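S.K.: predicted model, plus sequence, below.
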There are 2 protein chains.
Amino acid sequence: MAGEVRQLDDRKLAVLRAIVQDYVGTEEPVGSKALVERHNLGVSPATVRNDMAALEEEGYIHQPHTSAGRIPTDKGYRLFVDKLAEVKPMSAPERRAIRHFLDGAVDLDDVVARTVRLLAQLTRQVAVVQYPSLTRSTVRHIELVALAPAKVMLVLITNTGRVEQRMVDCPGTVGETLLADLRARINARAAGQRLPDVPGLLEDLPATFEQIDRPTVSTVLATLFEALAEQNEERIMLAGTANLTRLGHDFPLTIQPVLEALEEQVVLLRLLGETTDAAMTVRIGRENAYEGLNSTSVVSVGYGSGDESVAKLGVIGPTRMDYPGTMGAVRAVARYVGQILAES
Amino acid sequence: MAGEVRQLDDRKLAVLRAIVQDYVGTEEPVGSKALVERHNLGVSPATVRNDMAALEEEGYIHQPHTSAGRIPTDKGYRLFVDKLAEVKPMSAPERRAIRHFLDGAVDLDDVVARTVRLLAQLTRQVAVVQYPSLTRSTVRHIELVALAPAKVMLVLITNTGRVEQRMVDCPGTVGETLLADLRARINARAAGQRLPDVPGLLEDLPATFEQIDRPTVSTVLATLFEALAEQNEERIMLAGTANLTRLGHDFPLTIQPVLEALEEQVVLLRLLGETTDAAMTVRIGRENAYEGLNSTSVVSVGYGSGDESVAKLGVIGPTRMDYPGTMGAVRAVARYVGQILAES
DNA sequence: TTTTGGCACTCGTGTGCGCAGAGTGCCAGG
DNA sequence: CCTGGCACTCTGCGCACACGAGTGCCAAAA
């Protein structure tokens, strides 16, 4: 342990920061001479070389070949993100553009679609946006519609504008009066409540009806509970896959598993799921559980209509990404989407 | 003209067919010797060479370098598809697998999602499926829900299971009686009708209400008509982009514009829009209007719940694709999706 | 103790050359 | 009209070689 925690003095950290910045810019291994030229470190290349040797010893950087410059390792990026980088705030024009672009949205689908495109464009990477989850939302309205004598459609509308519908096959004919009654009682209890709380609040509802109506009521409620529970319905939208082609020279090898991962909604959901709610999460290279994304980084953050996060969004890019800029864009977009949702 | 229509005798056509088949299989320019070996043409390589020269003269094939084999041109593929290829029917196990895979779907979203994944997997190419269009569908039910005194939600359910919702801000408070009345009258007239016909059928509805209610009725109807008209809402789902990585050696150059095209729903919609309704359409290389897809082919066909096509689906792949197999898969999937939709 | 300049060493990259192999076009003979 | 033979033209590959970037180490300077 004691050996691991060896201190890195300030200049070594500065060198690491410079390496990361240069490498992100040029995509080429960076050598000691180029470093002292581009950043005025005030020391000679030889000194930097010593520092680099130390950094390599500690596993923060790595050289592809003996006679090449250094590139940061995952661990190096990690240190950079944790200690050396500051999230770069968006400029005022950028903020205005974001705002303006999102303001044009007409419904929830459109909000999500615009958000994901915006994020892809801002970061020039692959963007992922999760639809506001049912779990965190509240009920705005629950509607029951008789489609046939024994067939009822159930429509669930959440405060985030999401609509779920289910068909219910009832045990017997359902009268319009019963339906109206049921609708009224359900909404009286459930409206404004958080989705996970609803089953508890409606549990004893069948008992308040006439004996003869109870099977129907129970059937409808069962379907409702099912719809509420079905978090599998978590949907995701993504954009910017074309940005993967800008990755680099070696990329047929690296792009394939990434594209495959992106097609698996399950993988993406798990990926976003690992985001801790409030704070921005950065997963670098092998920190990602999914193997296909071992050479990518994921920057994600929760967003929400109020003070609370209802879903997550993020971008996926090469580990050699512009972390400050990306994090700034992700944070800004999340913030504005939250505002838009709160307004609507 | 007379010069253009020079006849190609049967053997030349056989040679062209053989070239296409071999090139699709190997992805390498095919020479005269390999041709006579792999297909028993019963003639010598020299003879084939003469035929090839003729085919090249007519623009059906082309050689990359002087000392290389031949590859088909777009025109060559076109002739192959039109005259030389027969759609390869799916095998019985394949058909069963398709059927089984699609049968598991629970709602429209799921049907489309499964279809597109299936198609991508079968053809090992990029698959595109358009949601059943509103234009061709009929109204199953129109529901009105009061969310606030002057706020009504309108839900439109089509026979294909698609659900559209719109918020309506009414000029004044809307009573529950009026709403029920309006709901009943709308459905009486519109249920079972095709969407484009609905406005005509409801046009004079406001006149049948009390003077005082007419503004509200008109507002609701206006929103409904808007929802009906909004064909922009045509949605598309795609899958299999990872298959693009199997394209070949030269592919960073070719994959970029394709990915960009795939991100533009408008482009994809236009692409599918060019499909003539009933028959299968094959657009080869430069036949595609969109420039980014100049080195790809698009195989598309309409599908529908009844005898009529309500939307389209297809695949996008390299011009050097297995046309008979791809066309077989596309046709089979379209057929089964139609059946599924008809049943539900 | 830390920094610096100098120097030898390593190794990847680019270049030129030659060769083998595949495929063609053409021509004369069947 | 088909076929076998032959000369020709390319591409791709392997190889040798020089170049240059970058390093590591060491001894001297700060």
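M.R.: Sure thing, it's come through. Numbers count the residues shown, from 1 in each chain, chains lettered A, B, ... in the order given.

S.K.: list the buried residues for the helix ranked longest in chain A?
M.R.: When chain A is parsed with DSSP state H, its longest helix is helix A:323-343. Applying a neighbour-count criterion of 16 or more other Cβ atoms under 10 Å in any protein chain shown, the buried positions in helix A:323-343 are A:323-334, A:336-338, A:340-341. Bear in mind the C-beta positions are built from the backbone N, C-alpha and C, glycine included.

S.K.: anything in that helix near chain B?
M.R.: No. Using Cβ under 8 Å from any Cβ of the partner chain, helix A:323-343 never reaches chain B; the gap is at least 13.4 Å.

S.K.: what helices and strands are in contact with that helix?
M.R.: helix A:92-103, helix A:108-123, strand A:296-303, strand A:311-318 (3 or more Cβ pairs under 8 Å, 6 or more residues apart in numbering or on different chains; DSSP states H and E).

S.K.: what about 6 Å?
M.R.: Taking 3 or more Cβ pairs under 6 Å, 6 or more residues apart in numbering or on different chains; DSSP states H and E as contact, the helices and strands that helix A:323-343 lies on are helix A:92-103, helix A:108-123, strand A:296-303.

S.K.: turn the ones you listed into TSV, including mean pLDDT and mean neighbour count.
M.R.: TSV is the format used below for those (pLDDT from 0 to 100; neighbours: other Cβ atoms under 10 Å in any protein chain shown):
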stretch	mean pLDDT	mean neighbour count
helix A:92-103	94	14
helix A:108-123	92	21
strand A:296-303	94	24
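
S.K.: run through the bridge partners of residue A:130.
M.R.: residue A:236 (DSSP bridges).

S.K.: could you list the low-pLDDT ranges of the stretch 101-250 of chain A?
M.R.: A:161, A:230-233, A:248-250 (pLDDT under 70).

S.K.: how close does the nearest residue to residue A:242 once chain neighbours are set aside sit to residue A:210?
M.R.: Using Cβ to Cβ, 6 or more residues apart in numbering or on different chains and skipping the chain neighbours, the partner closest in space to residue A:242 is residue B:259 (3.8 Å). Taking Cβ to Cβ, to the nearest Å as the criterion, residue B:259 is separated from residue A:210 by 60 Å.

S.K.: higher neighbour count, those two?
M.R.: residue B:259 (21 against 9; other Cβ atoms under 10 Å in any protein chain shown).

S.K.: what about the more buried one, which helix or strand?
M.R.: helix B:251-263 (DSSP states H and E).

S.K.: can you pull out the helices in the stretch 151-300 of chain A?
M.R.: For the stretch 151-300 of chain A, the helices defined by DSSP state H, counting those that start in this stretch cover A:176-190, A:198-202, A:214-229, A:251-263, A:265-273.

S.K.: distance to DNA strand D added to the ones you listed, as a markdown table?
M.R.: Listed next are the helices of the stretch 151-300 of chain A as a markdown table, based on distance: least, Cβ to the nearest atom of the strand, whole Å:
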| stretch | distance to DNA strand D |
| --- | --- |
| helix A:176-190 | 65 |
| helix A:198-202 | 62 |
| helix A:214-229 | 57 |
| helix A:251-263 | 17 |
| helix A:265-273 | 34 |
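
S.K.: out of these, flag the one nearest DNA strand C.
M.R.: helix A:251-263 (15.1 Å; Cβ to the nearest atom of the strand).

S.K.: residues near the residue in the stretch 51-200 of chain A positioned nearest to DNA strand D, how many?
M.R.: Closest residue of the stretch 51-200 of chain A to DNA strand D, Cβ to the nearest atom of the strand: residue A:67 (3.4 Å). Residues contacting residue A:67 under the criterion other Cβ under 10 Å number 7.

S.K.: how about it, secondary structure?
M.R.: coil (DSSP: H, G, I helix; E, B strand; the rest coil).

S.K.: what are the phi and psi values for it?
M.R.: Backbone geometry at residue A:67, expressed as degrees, to the nearest 10, gives phi -100, psi 30.

S.K.: how much space separates it from residue A:29?
M.R.: Residue A:67 is 10 Å from residue A:29, by Cβ to Cβ.

S.K.: quickly check: stretch A:178-189 near chain B or not.
M.R.: No. On the criterion Cβ under 6 Å from any Cβ of the partner chain, stretch A:178-189 is out of touch with chain B, staying 9.1 Å away.

S.K.: can I assume residue A:140 is in contact with residue A:160?
M.R.: No. Residue A:140 is not in contact with residue A:160 according to Cβ atoms under 6 Å; the separation is 8.8 Å.

S.K.: so which of these two has more stuff around it?
M.R.: Taking neighbours as other Cβ under 10 Å, residue A:140 and residue A:160 compare with residue A:160 leading, 22 against 19.

S.K.: about what we covered before: helices and strands around the helix holding residue B:259, which ones?
M.R.: With 3+ Cβ pairs under 6 Å, 6+ apart as the test, helix B:251-263 has no helix or strand packed against it.

S.K.: ok, residues contacting it?
M.R.: The contact list for helix B:251-263, computed with Cβ atoms under 6 Å, 6 or more residues apart in numbering or on different chains, reads A:241-242, A:245, B:244, B:267, B:290, B:292-293, B:295.

S.K.: so how far is residue B:130 from the closest residue in space to residue A:101 that isn't next to it in sequence?
M.R.: Of all residues not flanking residue A:101 in the chain, residue A:118 sits nearest, at 5.5 Å (Cβ to Cβ, 6+ apart). According to Cβ to Cβ, residue A:118 stands 25 Å off from residue B:130.

S.K.: give the contact list for residue A:236.
M.R.: A:130, A:265, A:268.

S.K.: could you rerun that using 10 Å?
M.R.: Going by Cβ atoms under 10 Å, 6 or more residues apart in numbering or on different chains, residue A:236 touches A:112, A:116, A:128-131, A:262, A:265-269, A:271-272, A:311-313.

S.K.: same question for residue A:321.
M.R.: Listed by Cβ under 10 Å, 6+ apart, the contact set of residue A:321 reads A:24, A:77, A:123-125, A:282, A:284, A:296-297, A:299, A:315, A:327.

S.K.: of those residues, list those near DNA strand D.
M.R.: The subset of the contacts of residue A:321 within reach of DNA strand D, by Cβ under 7 Å from any atom of the strand, is empty.

S.K.: which one of those is nearest to residue B:39?
M.R.: residue A:296 (45.6 Å; Cβ to Cβ).

S.K.: with adjacent residues omitted, what lies nearest to the closest one?
M.R.: Of all residues not flanking residue A:296 in the chain, residue A:316 sits nearest, at 5.5 Å (Cβ to Cβ, 6+ apart).

S.K.: hang on, isn't that neighbour packed against residue A:116?
M.R.: No. Using Cβ atoms under 10 Å, residue A:316 is not in contact with residue A:116; the gap is 11.9 Å.

S.K.: overlap of the contact sets of these two?
M.R.: A:126-128, A:238, A:240.

S.K.: of the residues you listed, which pair is most distant in space?
M.R.: A:128 and A:240 (9.1 Å).

S.K.: anything in contact with each of the two?
M.R.: Jointly contacting residue A:128 and residue A:240 under the rule Cβ under 10 Å, 6+ apart are A:116, A:119-120, A:262, A:315-316.
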